[in-house]
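Asker: coords please:
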Amino acid sequence: MPLMAPAFLPRRLLLPGLAVLLVLALGHGLLWAWLAGRMERELAGWVASRQALGWQVEHGPAQRNGWPWAVRLTLPAVRVVEPGGIGWRSESLALRLALPWPRQLALAAEGEQALLAGAESLPFGAASLTGSVPLGAAGQPLRLQAEALHAELRAGPVQLRRAALVLAEGNAFDLALEGLALPGLPPAALALGAEVQRLVVQAALPGPPPPLDGLAPQAAAWRDGGGRLELHALDLLWGPVQAGAQGELALDPALQPTGRLTLALAGFGEALDALAAAGVLAPNNARGLRAVGMMLQRPPAEGGPPRLQLPLVLRGGTLSAAGFTLLRLPPVVWAAQ
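Answerer: This next block holds a predicted model:
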């Protein structure tokens, strides 16, 4: 009899084990269905709240999938437009929560995409367009990532190898771009290279939402409400040039950009050589400017190549450094209504 016990042990445990598995599967199924319903209700509430503020938010019927390891809602024909007319359209948007302990909402846009500005539409594509929103923690940032972005402008194709955007509280944001190729660049820009290797911006937009619709009343309200761009840090790598900047920009009484920036420029001599080789600068002028730059540039305290520090002032459509005019900018034209 004792020799028979091991043979009977699995059978005695089989039924309770199956019951436990059945209860766990049923509980998991109920959790999945409850979470899917909760996601749909939260989505409907968000859409209603945006629409109450004047947004246009549209999407087709949500499709549930992703069981058993995630709850996924797939929304076809998504269109989101803020009151100023700036928006985005996607063929499909997937919202995903991983089980059993969802900590963030993952986003993935698929198919054809387009940026919207009033009646204008700019179609674009990407190898991947994803994002994430932390759950259960107030003040956590929204993160968006894109790979292999491409669009077709009138001036030619735009390509971007990689992009990342982090949106935090207080209208603060971090933007990082890699491999940006723009069409229709002037010869002075093309002399540095057809591609911007890196552009990183850390900034904030305090005050009311910025005037994305191009209307003068909204621009004036933004200015009067304390709206401005605070540039905390900028890092640019473009051909031989590596630049950093910080400062602040706003709108003056005529609704034109005004402000002050501090620019730190490395690769000044190499950039002049490139401009001379491209025929943008006369060789004698390039040599003279290089000699002046060599006298003014200093090595940074943290190490690295010498940098030329330039205090820049933008006022009345003129960009100047130490009282010398560098560039005259065309006026910004705001629509009356």
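
Asker: From now on I want contacts and neighbour counts done on CA atoms only, so please keep to that.
Answerer: Fine.

Asker: how far is stretch 323-337 from where the chain is centred?
Answerer: Here stretch 323-337 shows a centroid-to-chain-centroid distance of 26 Å under the convention Cα atoms, centre = their mean, to the nearest Å.

Asker: avg pLDDT for it?
Answerer: Mean per-residue pLDDT for stretch 323-337: 80.

Asker: Can you tell me how far residue 179 is from residue 317?
Answerer: Distance, residue 179 to residue 317, by Cα to Cα, to the nearest Å: 30 Å.

Asker: Kindly indicate whether residue 60 is helix, strand or coil.
Answerer: coil (DSSP: H, G, I helix; E, B strand; the rest coil).

Asker: May I have the phi/psi pair for the closest residue to it other than its chain neighbours?
Answerer: Nearest residue to residue 60, sequence neighbours excluded (Cα to Cα, 6 or more residues apart in numbering): residue 76, at 5.0 Å. Phi and psi for residue 76, reported as degrees, to the nearest 10, are phi -80, psi 160.

Asker: Surely residue 76 is in contact with residue 89?
Answerer: No: look at residue 76 against residue 89 with Cα atoms under 8 Å: they stay out of range, at 10.3 Å.

Asker: Of those two, which one has the most company?
Answerer: residue 89 (23 against 20; other Cα atoms under 10 Å).

Asker: Run through the residues that contact that one.
Answerer: Residues in contact with residue 89 (Cα atoms under 8 Å, 6 or more residues apart in numbering) are 77, 78, 79, 80, 113, 114, 115, 116.

Asker: quick check: mean pLDDT across the strand or helix carrying the third one?
Answerer: So that's residue 79. Element membership for residue 79, per DSSP states H and E: strand 70-81. Average pLDDT, strand 70-81: 95.

Asker: Could you quantify the relative orientation of the next helix or strand after it and strand 70-81 as an angle?
Answerer: Toward the C-terminal end, the helix or strand that comes next after strand 70-81 (DSSP H and E) is strand 86-98. For strand 86-98 against strand 70-81, the angle by axes from the mean of the first three to the mean of the last three Cα atoms, to 10 degrees is 170 degrees.
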